[in-house]
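# have a look; sequence and predicted model below, questions after that.
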2 protein chains.
Amino acid sequence: MPSAGPTEGISPTHNRPNEKRHAAEDMVGIKRLAQHLDISIGTVSRALNGRPDVNAETRRRVLEAALELGYAPNQAGRSLRKGSTGVVGFMMQSGSEITGDGDTFFMSVFDGVQAVFARHNLDLVVLLCSSREDPDAYLRRTVARGFADALIISATRRNDPRIDFLAERHIPFIALGRSQSDAGHPWIDLDFEGLARIGIDRLVAQGHRDIAIAAPADDANLGHIFVETAQSTLAGHGLPLPPDRLLRSPPNEAGGYAMAQKIVAMSDRPTAILLVNETTAVGFYRGLYDAGLAPGRDIAIIGFRESPQAKFLSPPLTCFRLDLHALGEALAEALLATMPAYKEQYPLGTARRIWPMELVEGRSDRAQ
Amino acid sequence: MPSAGPTEGISPTHNRPNEKRHAAEDMVGIKRLAQHLDISIGTVSRALNGRPDVNAETRRRVLEAALELGYAPNQAGRSLRKGSTGVVGFMMQSGSEITGDGDTFFMSVFDGVQAVFARHNLDLVVLLCSSREDPDAYLRRTVARGFADALIISATRRNDPRIDFLAERHIPFIALGRSQSDAGHPWIDLDFEGLARIGIDRLVAQGHRDIAIAAPADDANLGHIFVETAQSTLAGHGLPLPPDRLLRSPPNEAGGYAMAQKIVAMSDRPTAILLVNETTAVGFYRGLYDAGLAPGRDIAIIGFRESPQAKFLSPPLTCFRLDLHALGEALAEALLATMPAYKEQYPLGTARRIWPMELVEGRSDRAQ
DNA sequence: ATTTTCTTCGTAAACGTTTCCGATTTCCTG
DNA sequence: CAGGAAATCGGAAACGTTTACGAAGAAAAT
């Protein structure tokens, strides 16, 4: 849109005698490597790519020289010719994350993904859509440019146009998070049903009859799943879920604080609460303390997820543990299974998995 | 709502059943766009790139058709020809971050960077070096492939080979964090001198005479700077820094907890502590509470940085605030100033900036 | 000894884009 | 109206890589 700088008028630096094309004139390409070895570039390429029709001794020399000269194939040339980039993009939005504590969450997932990709010379890059750009437009732009061979999308919304777009274009992709949009695509999602069921069951088993639940305020899909399961689980115990027991909050500390304030102000407080938003527990604790109430004693709390700070809350938070590294690995493998070049190695079919969680006992869900 | 579906009314009789080519056979390239408009591809390219020598009406038609067909220039072809990619990489390590709470820290910085890049059609991608790969090797590989035009490197070590490598190769880059390695390169770093000076001065002004400091345990450069400044500031007040008052910890909650335990066990405890590692405060608080001590009352605490949870600690943490969005913008602008294509627009010279922090008063550094 | 097969390598054509260089037309100037 | 400048466009050559194809020689088979 910023149609080219008009500084083109008179450029005094137009005739530089030793202007060597690009800034990186000393980049060593396959050409240099070939003439250094005095063989053709075709042979060099075949040697590097492990083609069978190249002499063993020649291959050895090529590999050695490549290492010595620090040669690595140019990304643009290679992917232009091959039609694939060897890059997989993980798309994230700047502001909203799947949970509040994006840091350790995504870092662990990334690490798992990379562990698998490393075996196939695939590279993972993170594509982050800025807060000023529409996620759908960002995705279309990225895809049209042919930047990556495949995509992992996160923060899936209940109705997510990205899914239809990618499926329509036959771009290999996998979603971290379910969606109403169903294109027969692979996805992996956290077990929010399990969370709701186990959490409610546990609180009921401890004698609670007035249980509140706290779900995200936005359009994320997990909210609906969580709420519905919690509701039906409560119903299974013959318990209702009155409207004022269903709280909504943004997935951060401030949201938790606000919720605590709301509960504190109630004339008849619930005796327990199940939080699905991450890091809300931190604010929730604080909100209780500020009102002179104590988590665990005055109101039982089960939170999500076992974050680094969970065990440093007072009392330690009872919450759910996820193996995020393994989740990343599963994500990568399921994605590879949809990519033509790797299908045979990962004959898995399209994955639709619910990723399990494990309850970690703290002391926030029972009186001390 | 993918704008304008694939209503290919134009060339319906293109039935090539077994024309395979690439997976994305229906990608619309400049060629298709050109023959759809019945003009040459050269003209289409010039029109899209804002070249002056193209008729206004022609340009309008081209832009319209490009939008309609969802055309976006192929990344590989474009960067192969231009010798530049339009992509800037932000390199991060999987495990170690500049601070413990990488999430909100980097997300804010990214958003600032992107705000500037968006004005120049530059894209930011995050390159994360997995925990299994050597950062220096990863960088070399990435550079050799010509993946990005410029780089932002973070988590700079005290002695960082990446800096010499990039400078030697004339790759435009900027470092987030100082280093002993000086290649006359641009960098921006947080004001750890200011943090040490203001923190110590404040604690001394409140009457403390026995002040401990807590620095990171790793090779990060900030540790040295922080420790030296703290030491000299203390000396300026005529106060020593005995070896047992200099604590080291990993930058996370557990590290803070361990430090608290160590301090609690001391026969003569310091009366105040200045923490430079992020999120250590959370664990530190907990460590004190577990020993029956209260932050602020029994030991004064000044922490770093004003993270989302800082104000939800009890008592709220006195700490330092950073404008990370602006830091990202500064980072981007300083980087652009080193890139040949943007030099004239950002005539800044090579930046070496210390990014200021502002003290936020909590109640953790004085008795209630 | 002749043919066949196998091994190894060089040649050249793509991939999609930008941009230099002319060619053609239009417009202005004298 | 001649002539030149300006406007507008098409043609074609790159960019670095992979790979189909074929050539040349060596080895094997007849």
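In hand now; what should we look at?
# what's around the nearest residue to A:Asp244 once chain neighbours are set aside, how many residues?
Take A:Asp244 and drop its neighbours on the chain: the residue closest to it by Cβ to Cβ, 6 or more residues apart in numbering or on different chains is A:Met266, 7.4 Å away. Every C-beta, even on glycine, is put in place using the N, C-alpha and C of the backbone. Neighbourhood size, A:Met266 [other Cβ atoms under 10 Å in any protein chain shown]: 11.
# now A:Ala254
What A:Ala254 shows, counting by other Cβ under 10 Å, is a neighbour count of 18.
# for it, which non-adjacent residue is closest in space?
In space, A:Ala254 is closest to A:Gly283, 5.8 Å off (Cβ to Cβ, 6+ apart).
# which residues does that neighbour contact?
Applying Cβ atoms under 8 Å, 6 or more residues apart in numbering or on different chains to A:Gly283 gives the contacts A:Asn252, A:Glu253, A:Ala254, A:Gly255, A:Gly256, A:Tyr257, A:Ala258, A:Met259, A:Ala260, B:Phe312.
# ok now the least confident helix or strand in chain A by mean pLDDT, how far from the chain's centre?
Using mean pLDDT, DSSP states H and E, the weakest-scoring helix or strand in chain A turns out to be helix A:102-117, at a mean of 85. Chain-centre distance of helix A:102-117: 8 Å, with Cα atoms, centre = their mean, to the nearest Å.
# name the helices or strands packed onto it?
Packing partners of helix A:102-117 (3 or more Cβ pairs under 8 Å, 6 or more residues apart in numbering or on different chains; DSSP states H and E): strand A:87-93, strand A:123-129, helix A:324-336, helix B:102-117.
# rerun that using 10 Å as the cut-off
Packing contacts for helix A:102-117, counted by 3 or more Cβ pairs under 10 Å, 6 or more residues apart in numbering or on different chains; DSSP states H and E, involve strand A:87-93, strand A:123-129, strand A:150-153, helix A:324-336, strand B:87-93, helix B:102-117, strand B:123-129.
# list the buried residues in the helix or strand following the last one.
Meaning strand B:123-129. The helix or strand immediately downstream of strand B:123-129 is helix B:135-144, counting by DSSP states H and E. Judged by neighbour count using 16 or more other Cβ atoms under 10 Å in any protein chain shown, the buried positions of helix B:135-144 are B:Pro135, B:Tyr138, B:Leu139, B:Arg140, B:Arg141, B:Thr142, B:Val143, B:Ala144.
# these two touch, right, the first one and B:Ile163?
By that I understand B:Pro135. No - the pair B:Pro135 / B:Ile163 is not scored as a contact, 11.8 Å apart, by Cβ atoms under 10 Å.
# need the residues touching each of those two.
Common neighbours of B:Pro135 and B:Ile163 (criterion: Cβ atoms under 10 Å, 6 or more residues apart in numbering or on different chains): B:Ile153, B:Arg157.
# sorry, back to before: so who does the residue nearest to A:Asp244 touch?
A:Met266 sits in contact with A:Ala212, A:Asp244, A:Arg245, where contact means Cβ under 10 Å, 6+ apart.
# top of those residues by number of neighbours, please.
A:Ala212 (24 neighbours).
# ok, back up a step: please narrow the contacts of A:Met266 to those residing in strands.
Counting by DSSP state E, the members of the contacts of A:Met266 that fall within strands are A:Ala212.
# what residues does the stretch 251-368 of chain A have near chain B?
Residues of the stretch 251-368 of chain A lying near chain B by Cβ under 10 Å from any Cβ of the partner chain: A:252-254, A:256-257, A:279, A:281-287, A:289-290, A:307-314, A:316, A:339-341.
# contacts made by the helix or strand hosting A:Ala47 with the rest, please.
According to DSSP H and E, A:Ala47 maps onto helix A:41-48. Residues outside helix A:41-48 that contact it (Cβ under 10 Å, 6+ apart): A:29-37, A:39-40, A:51-56, A:58-63, A:65-66, A:71-73, A:78, A:81.
# how about the CA coordinates for that helix, as CSV?
Below are the C-alpha coordinates for helix A:41-48, written out as CSV (Å, rounded to 0.1, in the frame of the first residue of the first chain):
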residue,chain,number,x,y,z
ILE,A,41,26.9,-28.1,-10.4
GLY,A,42,24.6,-30.9,-11.2
THR,A,43,26.9,-33.4,-9.7
VAL,A,44,27.4,-31.3,-6.6
SER,A,45,23.6,-31.0,-6.2
ARG,A,46,23.1,-34.7,-6.5
ALA,A,47,25.9,-35.4,-4.1
LEU,A,48,24.5,-33.1,-1.5
